[in-house]
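A.B. asks: missing the sequence, but the structure's below:
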Ligand SMILES: Nc1ncnc2c1ncn2[C@@H]1O[C@H](COP(=O)(O)OP(=O)(O)OP(=O)(O)O)[C@@H](O)[C@H]1O
Ligand SMILES: [Mg+2]
């Protein structure tokens, strides 16, 4: 990969869901290019297609038509298995944390590494480092239920970073935590981007949105505006 | 994902739902325990019976009796069974096996060394004021010839077997001497006893009696003896039987061969049946053993089949649990796939859980089944409360084959019934799974 390869390159992307026999055009025609190191925020009203776009960039779903290059690879041509493999290169942070309840913070992060086939020794080392980065080293043996919303979201971010992803996708990372705890998550995201991590996020949170260096507005399945702050 | 990590992930999932996993495992345990218990008891029983038969049965003898349609005809009955080819009453064709046919039989083949007749009736023995039915029957035999053929079993444990007996000499089986095998003696050597036979051949029935002298007690032989002596039998000289029972018909004619080759046995058997125009049965040790083997393999298959059904039920239980677990864990599967877990790995995790359940269930089941088989064996063997007349000592046998079979079955059933849920789990799409609340 050369330095100039964009991490994400989207041309004429369409996504249509079928609700029974009724087609729902979630994304109508999207063109977007994200370079390494960017901090991008996606805004737009509810139902405009933000999550749909993020899921496609995260290789969780396949586009109906159009071209979607992730790290130079055309995702629309991949089968389910290859799609899964691409996901190892992507860090995804969900609105509802989506940690595995029976596993401790440490094990949740480690699981992502073991899925990638990392050895136990390496896993242990990297996990401790990551939890240190997100400021939760002293809580690493706690289960999700024993952590606050902000702490859970930081564990989720650590997990997303587990396999050194090309970029971090976040769907409303502060959407389910109060503004006070949201602060620690915002600080962490800022810090990660400062360290060079590419971040693409969907957010309604003004405090978080204003930190992004670039903002795009999605409206009814198309990008209405694309501004550098 | 590494195999070890898959395994430990599956294990952590099972551990979380201990009660449910335990109940699922219980299904496997019961199925496997049933299989192991039934098979090891039936194998033990087979070995016991076969051994006893081989002991009480000379391989180089044939037993000729009147054909009654079945091989096991006769009046004597009971597990004490010296009674194969017993009483003469069952003949429907009117054909009678007379005592003096022994001479004809002897002349049929040079492979025949000796032939002698036995006369058997059911009757009672009275010693003082105690009377007992003789379940093994009262048999008239030539003491010398009988002792010659059954040289290990028709020997005296007490007293002596007279080779030239006087008419009132009798020899009794070990359980006639000591019916409960616990030292409560019924008749002893040198006792004067009364032999009682109810003559039912004419009306009114009459009880005939004579006073006999117990010359010898036989050693404990076991439950089975074809033609040979039985623990529950009483033996009287053939001439005495003839006059006492008032008959010149033989219950059976025992033929001793010069060798025990299969060819000889088949040959002579055919010569004899042909000579009597198929109106006699010829039973050989080999034939009985192979018949028993057939019966036992059918029985084993049947019992195994019943146990397998319980395992099938367990399998359906596993499938049920797996589907519930799948629905419960839809979100978890979505997370795993979103993080990059391949469909194949998701499948492995679910199958691995079923392997763990199957393996634990099978191991516990085997141990439990083995324990159960031993308990049952003790209960039904001589000493136990259910130890019936036979007093058959069963030693359950668990062959490595049965053990492996049970293990394979436990794991196999678990995996087979987990296949569908596991496959469904692996096919979940991450976006859909994550939307699921
Ligand atoms: N799996 C699906 N099946 C059918 N329709 C869907 C599906 N997912 C999304 N949609 C529809 O596509 C449109 C875009 O949905 P999307 O979730 O992307 O919106 P959003 O911008 O993320 O909204 P919000 O801000 O509320 O999260 C909506 O009209 C939604 O109903
Ligand atoms: Mg959304």
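C.D. replies: Nice, thanks for sending it over. None of the values given here were measured: they were computed from a predicted structure. Residues are numbered from 1 along each chain as shown, chains lettered A, B, ... in the order given. Ligands and ions are numbered 1, 2, ... in the order given.
A.B. asks: Name the secondary structure element that contains residue A:91.
C.D. replies: Assigned by DSSP states H and E, residue A:91 falls within strand A:90-93.
A.B. asks: who does that strand touch, helix- and strand-wise?
C.D. replies: The contact analysis (3 or more Cβ pairs under 8 Å, 6 or more residues apart in numbering or on different chains; DSSP states H and E) places strand A:90-93 against helix A:149-160, strand A:167-171. Using the backbone N, CA and C atoms, a C-beta is placed for each residue, glycine as well.
A.B. asks: among these, which is nearest chain B?
C.D. replies: Ranking the helices and strands packed on strand A:90-93 by their distance to chain B (criterion: Cβ to the nearest Cβ) puts helix A:149-160 first, at 7.2 Å.
A.B. asks: tell me what that closest one is packed against?
C.D. replies: Partner elements for helix A:149-160 (3+ Cβ pairs under 8 Å, 6+ apart): strand A:90-93, helix A:105-115, helix A:120-133, strand A:167-171, helix A:179-194.
A.B. asks: Recalculate using a threshold of 10 Å.
C.D. replies: strand A:90-93, helix A:105-115, helix A:120-133, strand A:167-171, helix A:179-194, helix B:330-339 (3 or more Cβ pairs under 10 Å, 6 or more residues apart in numbering or on different chains; DSSP states H and E).
A.B. asks: Tabulate those (JSON lines), appending mean pLDDT.
C.D. replies: Shown next, in JSON lines, are the helices and strands packed on helix A:149-160 (pLDDT from 0 to 100):
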{"stretch": "strand A:90-93", "mean pLDDT": "94"}
{"stretch": "helix A:105-115", "mean pLDDT": "95"}
{"stretch": "helix A:120-133", "mean pLDDT": "94"}
{"stretch": "strand A:167-171", "mean pLDDT": "94"}
{"stretch": "helix A:179-194", "mean pLDDT": "89"}
{"stretch": "helix B:330-339", "mean pLDDT": "93"}
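A.B. asks: out of those, which comes closest to ligand 1?
C.D. replies: Nearest of these to ligand 1, taken as Cβ to the nearest ligand atom: strand A:167-171 at 7.4 Å.
A.B. asks: Given the closest one, what are its sheet partners and their directions?
C.D. replies: strand A:90-93 (parallel), strand A:198-202 (parallel) (DSSP bridges).
A.B. asks: Output the below-cut-off pLDDT ranges for chain A.
C.D. replies: Residue ranges of chain A with pLDDT under 70: A:1-3.
A.B. asks: residues from it in reach of ligand 1?
C.D. replies: Residues of chain A lying near ligand 1 by Cβ under 6 Å from any ligand atom: A:17, A:19, A:24, A:26, A:44, A:46, A:47, A:48, A:49, A:50, A:51, A:52.
A.B. asks: what about the closest residue to ligand 1 within the stretch 151-300 of chain B, distance to residue B:375?
C.D. replies: Nearest to ligand 1 in the stretch 151-300 of chain B, going by Cβ to the nearest ligand atom, is residue B:300, at a distance of 56.1 Å. Here residue B:300 is placed at a distance of 20 Å from residue B:375 (Cβ to Cβ, to the nearest Å).
A.B. asks: just residue B:10 next, same as before
C.D. replies: According to Cβ to Cβ, residue B:10 stands 35 Å off from residue B:375.
A.B. asks: Equivalent analysis for residue A:200, please.
C.D. replies: Counting by Cβ to Cβ - residue A:200 and residue B:375 are separated by 68 Å.
A.B. asks: and the residues of chain A next to ligand 1 as JSON lines, adding secondary structure, neighbour count and distance to residue A:64?
C.D. replies: Below are those laid out as JSON lines (DSSP: H, G, I helix; E, B strand; the rest coil; neighbours: other Cβ atoms under 10 Å in any protein chain shown; distance: Cβ to Cβ, whole Å):
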{"residue": "A:17", "secondary structure": "strand", "neighbour count": "13", "distance to residue A:64": "9"}
{"residue": "A:19", "secondary structure": "strand", "neighbour count": "7", "distance to residue A:64": "14"}
{"residue": "A:24", "secondary structure": "strand", "neighbour count": "13", "distance to residue A:64": "11"}
{"residue": "A:26", "secondary structure": "strand", "neighbour count": "22", "distance to residue A:64": "9"}
{"residue": "A:44", "secondary structure": "coil", "neighbour count": "21", "distance to residue A:64": "19"}
{"residue": "A:46", "secondary structure": "coil", "neighbour count": "7", "distance to residue A:64": "21"}
{"residue": "A:47", "secondary structure": "coil", "neighbour count": "12", "distance to residue A:64": "18"}
{"residue": "A:48", "secondary structure": "coil", "neighbour count": "21", "distance to residue A:64": "17"}
{"residue": "A:49", "secondary structure": "coil", "neighbour count": "24", "distance to residue A:64": "12"}
{"residue": "A:50", "secondary structure": "helix", "neighbour count": "24", "distance to residue A:64": "17"}
{"residue": "A:51", "secondary structure": "helix", "neighbour count": "20", "distance to residue A:64": "16"}
{"residue": "A:52", "secondary structure": "helix", "neighbour count": "23", "distance to residue A:64": "10"}
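A.B. asks: what subset of those residues is also close to chain B?
C.D. replies: Applying Cβ under 10 Å from any Cβ of the partner chain to these, one finds that A:51, A:52 fall near chain B.
A.B. asks: Nearest residue to whatever residue of the stretch 1-150 of chain B ends up closest to chain A in space, please, no chain neighbours.
C.D. replies: Among the residues of the stretch 1-150 of chain B, residue B:5 lies closest to chain A, at 4.2 Å counting by Cβ to the nearest Cβ. By the measure of Cβ to Cβ, 6 or more residues apart in numbering or on different chains, the closest residue to residue B:5 outside its immediate chain neighbours is residue A:114, 4.2 Å from it.
A.B. asks: Does the one you found touch residue B:8 like I think?
C.D. replies: Yes - counting by Cβ atoms under 10 Å, residue B:8 is a contact partner of residue A:114 at 8.9 Å.
A.B. asks: so the residue most central in space within chain A bridges to which residues?
C.D. replies: Taking Cα atoms, centre = their mean, the centroid of chain A lies closest to residue A:169, which sits 1.5 Å from it. Counting by DSSP bridges, residue A:169 forms beta bridges with residue A:92, residue A:200.
A.B. asks: for it, what are its contacts?
C.D. replies: Residue A:169 makes contacts with A:8, A:40, A:42, A:53-55, A:57-60, A:90-94, A:160, A:198-202, as judged by Cβ atoms under 10 Å, 6 or more residues apart in numbering or on different chains.
A.B. asks: tell me which parts of the stretch 201-350 of chain B are close to chain A?
C.D. replies: Residues of the stretch 201-350 of chain B lying near chain A by Cβ under 10 Å from any Cβ: B:329, B:331-332, B:334-346.
A.B. asks: Among these, the buried ones, what's the ChimeraX command?
C.D. replies: To isolate the buried members of these in ChimeraX, using 16 or more other Cβ atoms under 10 Å in any protein chain shown:
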select /B:329,331,332,334,335,336,337,338,339,340,341,342,343,345,346
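A.B. asks: Find the pair from the residues of the stretch 201-350 of chain B next to chain A with maximum spatial separation.
C.D. replies: Farthest apart among these by Cβ to Cβ are B:331 and B:344. That separation is 20.3 Å.
A.B. asks: Between residue B:300 and residue B:375, point out the one with more neighbours.
C.D. replies: With neighbours defined as other Cβ atoms under 10 Å in any protein chain shown, residue B:300 and residue B:375 compare such that residue B:300 has more, 18 against 13.
A.B. asks: got the domain boundaries for chain B?
C.D. replies: What automatic domain parsing lists as the domains of chain B is B:3-53+B:291-435, B:61-258.
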